[in-house]
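Chemist: got a sequence here, can you build the structure:
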Amino acid sequence: MNTFMKHSLASRLLLAAIPALFALPAAAQQSGDFKLWYDKPAQNWNEALPIGNGRLAAMVFGGTGTERLQLNEETVWTGRPHNNVVAGQGEVMQELRRLLFQKKYAEAQQLSQAKIGAIQNGMSYQPASDLLLYFPGHEKATAYQRELNISKATSTVSYEVDGVRYTRTALASFTENVMVVQCEASRKGALQFSVGLTSAHTRSRREVKDHLLRLSGMPGVLEQLEPVIQYETNVKVVAPDGKVGYTDSSITVTGATRATVYISIGTNFNNFREVNGDAHQRSLAYLAKGSSKPFEQIRRLHEQFYARYFNRVGLYLGEATTANLSTDERVKQFSRTQDPQLIALYFQFGRYLLISGSQPGGQPTNLQGKWNNKTNPAWDSKYTININTEMNYWPSEVTNLSELGEPLFRMLQDLAVTGQESAQKLYHARGWVAHHNTDLWRITGPVDGGFYGMWPMGGAWLTRHLWEHYLYTGDKAFLKAVYPVMKGAAMYYVDALQREPDHGWLVVSPSMSPENTYMKDSAGHGIGLSYGTTMDNQIVSELFYNTIQAGKITGADPLFTDTLVQKRAQLPPMQIGRFGQLQEWINDWDHPNDRHRHISHLYGLYPSNQISPVHTPALFRAANNTLVSRGDISTGWSMGWKVNFWARMKDGNHALKLITNQLNLVTPEMQIGQGGGTYPNLFDAHPPFQIDGNFGCTAGIAEMLLQSHDGAVEILPALPDSWKDGSVTGLKARGGYTVSITWKNNKPEKVTVTATLGGNLRLRLAEAWQPAAPGLSAAKGENTNPFYQVMDVAEPLVSKEAPAVEAAVLRTRDYDLATAAGKTYVITFR
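Modeler: Okay, the predicted model is just below:
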């Protein structure tokens, strides 16, 4: 992908975002702002509150005697430009294929673990600095409260000391690209504090110069790679009616009523190949721009910018008697109480995190979004692309934040460059490939050795986000710009697929079903290396289908399209095993007591659309059996995925059960485990903290209310019994539809649809509902809307031992309504 294409795509998406941001009316219908609030300061990072503007991020602790803002900048990473492809491993891949096709699975895995891997297994996202505000005599404050207002993207701390009310408001400005803390006292001249900066990095230097407090530094060495990232934090304090003083390591404020602290961070990062910027000048430029405006102006511009994203979607699920409790107490009591307002807050919190963590022109959200306080974070806080990074962006289209996928799209364009080396050197193939992890430097080779890392599917999975963006927006210029990325991913599999010996199917080999095993070797070690796993087959089939459709729409490569059609017809079909389950592997190796956190073979159910009660009922029943067998309790991100699975199964009560399991309070100190849950600040607990579970649950709640993947726009497909009355506004359906729903007694009262692109609107409704709208009629034939074409799926192979078990499916009826671009349609119900 050439530089011009990357820049033109980014610029085009940014320009496309501008009219959407400033033309859309506020859609949320809420009785008040959505807030997280607490009656004591944070004692732990998992109690602190996140703010961010995409590039910058901070965790606000809300202390009284000492306030701490732990700061991040999205390009502060260890390492330097490199790829982790090891010469000579291509010959090992050939031997692995031979051993696997000879059924020598243990021998193949031993060879893979011995020979596959690199010294560099992905670099680590790093903290930048800590801002410390010292307030002498404030340790014994009273009437304390801190909050995060996610309707305005501001954090506020307030308390009293000796009859004076002190208030601090912190934000990460979207418009000025700095963080700002406004400190105020209710009594004139009562404000007195000092400002310091610290860093967890040993390679750091602090000074006060030119009336600025400055900390410059570098991350440490990781996996024998010296770092090249340089960062600089600068702090400026303005106190109009007070005195600002300076020491060699701090700024002091005395006799003030109000003071504003401006914080900027700059790095030398330009892109994954060029790190020759000037961190010092960048930080100063950000600070000069930001500090030229008073706080109230910055706050107004910041809130206006943010609201035009956040207010697009509103959700009301009913009132709760516990709504007046602090947020941590509400989570603690959630499993014993009905608190639909907490679910709405949790849903909107996921949208808040995506807005605050992923802005056009920046980096995508990583395992922890943009919030990390450790120099050795769990899994390096990088991009795990065998589920986690993808899950981060599941809410972007359906919850009306389409522009926020742009950082992910640009990362894909980078991977399409670096992935060519992996394809050529490891598999002797054209195109590009990425395995299960990447980082700021866009590495594409296997990570974490020849077990976890031997999964060449991460890039292919990511490409579905490109196609989904087109389906939601209808943006043909975007599709044309990213088609080479899709083609390159498909080209790799055209060359790399192998013909397995038993059926003659084309399969990915070697590979695995992410992180799971199917048997043990003589020493009791799990074996996972395989070929033709169900998830791989689903991903390749979908990639080929999407690329075929994109080629037809853009008029590109008819010969290549024909090749994909021929190759796709030779992929293995899905299989139903002896327990009635959807098989995970090419052989019937599944265990009925398997509770593994990854349910990768249900990729075809969600996020893909290859398993449907309408079009593939046998596979739908098998997927249900698999879900029941796997159970509910798991890691946080896994339960987030299961919310979406059960929504696709049309079982809203079970989806709500998963949300209830996830909204289980985890002590902030817990840093390891498999039980999932939620920290006091609503961060998802794996544990430890991973942000993907937040995004997964937000997407899942939307999926319970609206689905558009299966040839129609389905209204309230998985509404729980307890969500009796409610409303949602501004959700997006494929084909450019914006949908709002009001329901009462578990049935819709009114559905409002605004068409951006027009075309046939096919509505899927519960059979008992009686809709009415001018022009609405019973559906006939296939949906003519091009954005609702259903992917063809091969008939499954079914084990002779499989029991006949039915899954309960909501009976539905389809209706058609002709729509025109720019028009709004209202459907009422009798």
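Chemist: what is the end-to-end distance of stretch 516-529?
Modeler: 9 Å (CA to CA, to the nearest Å).
Chemist: in the stretch 301-450 of the chain, which spans are strands?
Modeler: 314-316, 383-384, 437-438 (DSSP state E, counting those that start in this stretch).
Chemist: make JSON lines from these and add distance to Q363 and mean neighbour count to it.
Modeler: Where you see a C-beta, it was placed from the backbone N, CA and C, and this is true even at glycine. Shown next, in JSON lines, are the strands of the stretch 301-450 of the chain (distance: least, CB to CB, whole Å; neighbours: other CB atoms under 10 Å):
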{"stretch": "strand 314-316", "distance to Q363": "28", "mean neighbour count": "22"}
{"stretch": "strand 383-384", "distance to Q363": "9", "mean neighbour count": "28"}
{"stretch": "strand 437-438", "distance to Q363": "11", "mean neighbour count": "30"}
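Chemist: for those strands, which one sits closest to H201?
Modeler: Closest to H201 of the strands of the stretch 301-450 of the chain is strand 383-384 (CB to CB; 21.9 Å).
Chemist: okay, the strands of the stretch 301-450 of the chain in TSV with mean pLDDT and distance to E176 next?
Modeler: Formatted as TSV, the strands of the stretch 301-450 of the chain follow (pLDDT from 0 to 100; distance: least, CB to CB, whole Å):
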stretch	mean pLDDT	distance to E176
strand 314-316	98	28
strand 383-384	98	28
strand 437-438	98	31
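Chemist: what's the closest of those strands to M179?
Modeler: Using CB to CB, the nearest of those to M179 is strand 383-384, at 24.3 Å.
Chemist: parallel or antiparallel, which strands does the closest one pair with?
Modeler: Using DSSP bridges, strand 383-384 pairs in its sheet with strand 437-438 (antiparallel).
Chemist: chain center to the strand it pairs with: distance?
Modeler: From the chain centre to the centre of strand 437-438 is a distance of 15 Å (CA atoms, centre = their mean, to the nearest Å).
Chemist: what residues does it touch?
Modeler: Contact partners of strand 437-438, identified using CB atoms under 8 Å, 6 or more residues apart in numbering, comprise 121-122, 382-386, 411, 415, 443-444, 447-448, 453, 458.
Chemist: and these, which of them are in helices?
Modeler: 411, 415, 458 (DSSP state H).
Chemist: between those residues, which is nearest M574?
Modeler: Nearest to M574 among these, with distances taken as CB to CB, is G458, at 21.2 Å.
Chemist: distance check, the nearest residue in space to that closest one that is not next to it in sequence against H436.
Modeler: Of all residues not flanking G458 in the chain, I385 sits nearest, at 3.5 Å (CB to CB, 6 or more residues apart in numbering). Taking CB to CB, to the nearest Å as the measure, I385 falls 6 Å from H436.
Chemist: same question for L401.
Modeler: 26 Å.
Chemist: any idea which element the closest residue to R597 other than its chain neighbours lies in?
Modeler: Excluding the flanking residues, the one nearest R597 by CB to CB, 6+ apart is S638, at 4.1 Å. Following DSSP states H and E, one finds S638 within helix 636-648.
Chemist: flag every buried residue along that helix.
Modeler: 636-648 (16 or more other CB atoms under 10 Å).
Chemist: next structured bit after that helix?
Modeler: Toward the C-terminal end, the helix or strand that comes next after helix 636-648 (DSSP H and E) is helix 652-662.
Chemist: how about the helices in the stretch 501-650 of the chain?
Modeler: Per DSSP state H, counting those that start in this stretch, the stretch 501-650 of the chain carries helices over the ranges 534-554, 558-568, 617-630, 636-648.
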